[in-house]
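A.B. asks: Sequence first, then the predicted structure:
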Amino acid sequence: MERDWDLSEVTDGKLYSSSDLAKIGCNDCKGCSACCRNMEQSIILDPYDVYRLTIEGMISINELLATSVELCVVEGFILPVLKMQKNSNACYYLNQEGRCSIHKYRPGICRMFPLGRIYENGTFQYFLQIHECKAENKTKVKIKQWLDTPDCKHYEAFISDWHYFVKEYQNQAMNGKLQGEVLKERNMQLLSIFYLTPYTEQEDFYSQYEERKQLFLS
């Protein structure tokens, strides 16, 4: 999200880094799964999400697309998002006990909730969505700990790079610089290179991402 709105409307008015403490601790949700329901197509997957789902979750990309992931237009570009269950409108991975069945390798958007990211000046900061999580008496938790992601510094550098990388092509699609067959071809290249081509466990994600980015740009 880029800043084109008033922070005071939906946040505590502060911006955070991953080293900061924020009131986000919900005591393991206490069985609440409200944040896993009625999300429509808002859980957009980035390449690291797909890497973790396929490598840690041992779910092939073809299986993901056949079951829990669908392709949707996001600001002019087609990107993968998590599906909701048809009957309950809950996340595909929410089990009958109201718990996340892929919690160890859940997507980054799920990991940071109820935090969001605001992008400015080639980087980003976190903000706290004060009306989203229904839990009461939240405790302060360091954001880096809340994200529960290895090598947080490297991860955040990737998140920033990916956002601005994709945003450039989304802007071109939205303002008509990319359209028709050219837009379709570029979008299919992005999907194929960053999502559909399987990642390998033998090489770290960030090296693979940089290699794929160079391939896309070549």
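C.D. replies: Sure thing, it's come through.

A.B. asks: For the top helix by length along the chain, name the packing helices and strands.
C.D. replies: When the chain is parsed with DSSP state H, its longest helix is helix 152-174. Contact here means 3 or more Cβ pairs under 8 Å, 6 or more residues apart in numbering; DSSP states H and E; on that basis helix 152-174 packs against helix 47-55, strand 77-82, strand 115-120, strand 123-128, helix 180-191, helix 205-217. Backbone N, C-alpha and C define where each C-beta goes, glycine included.

A.B. asks: Could you dump those into a markdown table and include distance to residue 28?
C.D. replies: Formatted as a markdown table, these follow (distance: least, Cβ to Cβ, whole Å):
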| stretch | distance to residue 28 |
| --- | --- |
| helix 47-55 | 21 |
| strand 77-82 | 21 |
| strand 115-120 | 17 |
| strand 123-128 | 19 |
| helix 180-191 | 36 |
| helix 205-217 | 28 |
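
A.B. asks: can you list the weak-confidence ranges in this structure?
C.D. replies: 1-8 (pLDDT under 70).

A.B. asks: again, only using 90
C.D. replies: In the predicted model, the chain carries pLDDT under 90 at residues 1-13, 26-34, 39-40, 86-88, 96-98, 130-138.

A.B. asks: picking up where we left off before, could you pull out the buried residues of the longest helix of the chain?
C.D. replies: Under the neighbour-count criterion of 16 or more other Cβ atoms under 10 Å, helix 152-174 has 155-156, 158-159, 161-163, 165-166, 169-170, 172-173 buried.

A.B. asks: nearest to residue 118, of these?
C.D. replies: residue 163 (10.7 Å; Cβ to Cβ).

A.B. asks: Surely the closest one touches residue 120?
C.D. replies: No: counting by Cβ atoms under 8 Å, residue 163 stays clear of residue 120, with 11.0 Å between them.

A.B. asks: Wait, residue 134 touches residue 33, no?
C.D. replies: No: contact status for residue 134 versus residue 33: not in contact, 10.5 Å apart, counting by Cβ under 8 Å.

A.B. asks: ok, those two, which is more surrounded?
C.D. replies: Neighbours per residue, other Cβ atoms under 10 Å: of residue 134 and residue 33, the larger number sits with residue 33, 15 against 11.

A.B. asks: Contact partners for the nearest residue to the more buried one once chain neighbours are set aside?
C.D. replies: Leaving aside its sequence neighbours, residue 33 sits nearest to residue 98 (Cβ to Cβ, 6 or more residues apart in numbering; 4.0 Å). Contacts for residue 98 (Cβ atoms under 8 Å, 6 or more residues apart in numbering) come out as 31, 32, 33, 36.

A.B. asks: Distance-wise, check the second one relative to residue 152.
C.D. replies: Which is residue 32. 26 Å (Cβ to Cβ, to the nearest Å).

A.B. asks: quick one on the thing from earlier: looks to me like the residue nearest to residue 33 is in a strand.
C.D. replies: No: looking at residue 98 with DSSP: H, G, I helix; E, B strand; the rest coil, it is coil, so not inside a strand.

A.B. asks: what helix or strand is residue 23 on?
C.D. replies: strand 21-25 (DSSP states H and E).

A.B. asks: Check which residues of that strand are buried.
C.D. replies: Buried, per 16+ other Cβ under 10 Å, within strand 21-25: 22, 24.
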